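I need the structure of the sequence given here:
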Amino acid sequence: MEKKLSHIDASGNAAMVDVSEKKVTARMARASGQVEFPKEVFETLAAQDFLGKKGSIIQTAVIAGIQAVKKTSELIPLCHQINLSKVQIDIVPQGQALEISCTVKCTEKTGVEMEALTGVSVSALTIYDMCKALSHDIRITNVQLEEKTGGKNDYRS
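Sure, this is the predicted structure:
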């Protein structure tokens with residue numbers, strides 16, 4: 001099977017994929033990423049139970065990620081607007097980092113990979129924003145698709 005870019009038409013122009021002939025199926029995508037901190041910054045945050053002057057760092061990032069998932073088609077130009085059936089974002093301390101996982105589900109003609117990746121990315125950016133007063137040496141890393149099901153092909157990293 002020949003692989004080609006799906007968002008480029010025969011003339012080389014950007015184009016939204018036509019999903020009108022696709023079947024509606026249950027679809028799921030899970031993405032992950034990390035926000036890595038300098039040791040002393042992470043220890044300070046952990047000692048404060050990840051509460052900052054702006055409130056709960058983790059809960060604020062979860063809410064921001066959920067909002068972003070719902071706005072993905074407005075942020076990524078060629079994404080379809082879809083009805084979501086579930087968004088779950090989990091953020092847990094691991095080592096000197098906060099590990100982010102975003103799972104998105106829908107029953108649609110197209111998948112939710114971009115929504116899951118957007119949820120992780122905006123959650124990570126929110127954490128950075130809430131913690132940058134302590135250090136700008138905070139890294140957002142390893143944002144990636146972990147798994148997708150539904151549609152033509154399933155994927156697991």
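
drop to CA atoms for contacts and neighbour counts, all remaining ones
Noted.

where in this structure is pLDDT low?
1-2, 5, 8 (pLDDT under 70).

pull the longest helix from it.
Looking across the chain with DSSP state H, the single longest helix is helix 113-131.

buried ones in that one?
Buried residues in helix 113-131, defined by neighbour count with 16 or more other C-alpha atoms under 10 Å: 113-128, 130-131.

report all helices and strands that that helix contacts.
The elements that helix 113-131 packs onto, with contact taken as 3 or more C-alpha pairs under 8 Å, 6 or more residues apart in numbering; DSSP states H and E, are strand 25-36, helix 57-70, helix 72-75, strand 97-108, strand 139-149.

in stretch 24-34, what counts as buried?
Within stretch 24-34, the residues that qualify as buried by neighbour count (16+ other C-alpha under 10 Å) are 25-34.

tell me, how many residues neighbour Ser20?
Counted with other C-alpha atoms under 10 Å, the neighbours of Ser20 add up to 9.

identify the residues contacting stretch 67-78?
Applying C-alpha atoms under 8 Å, 6 or more residues apart in numbering, the set of residues contacting stretch 67-78 from outside is 7, 15-17, 79-81, 84, 87, 114-116, 118-119, 122.

closest to Ala64 among those residues?
Among the contacts of stretch 67-78, Val122 lies closest to Ala64 (C-alpha to C-alpha), at 6.5 Å.

and the gap between that closest one and Ile89?
Separation of Val122 from Ile89 (C-alpha to C-alpha, to the nearest Å) stands at 11 Å.

touching both of these two, which residues are there?
In the contact map built from C-alpha under 8 Å, 6+ apart, the residues linked to both Val122 and Ile89 are Gly65.

picking up where we left off before, redo the helices and strands packed on helix 113-131 as JSON lines? Include distance to Ser11.
JSON lines is the format used below for the helices and strands packed on helix 113-131 (distance: least, C-alpha to C-alpha, whole Å):
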{"stretch": "strand 25-36", "distance to Ser11": "31"}
{"stretch": "helix 57-70", "distance to Ser11": "31"}
{"stretch": "helix 72-75", "distance to Ser11": "24"}
{"stretch": "strand 97-108", "distance to Ser11": "28"}
{"stretch": "strand 139-149", "distance to Ser11": "30"}
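
thanks a lot, see you next time.
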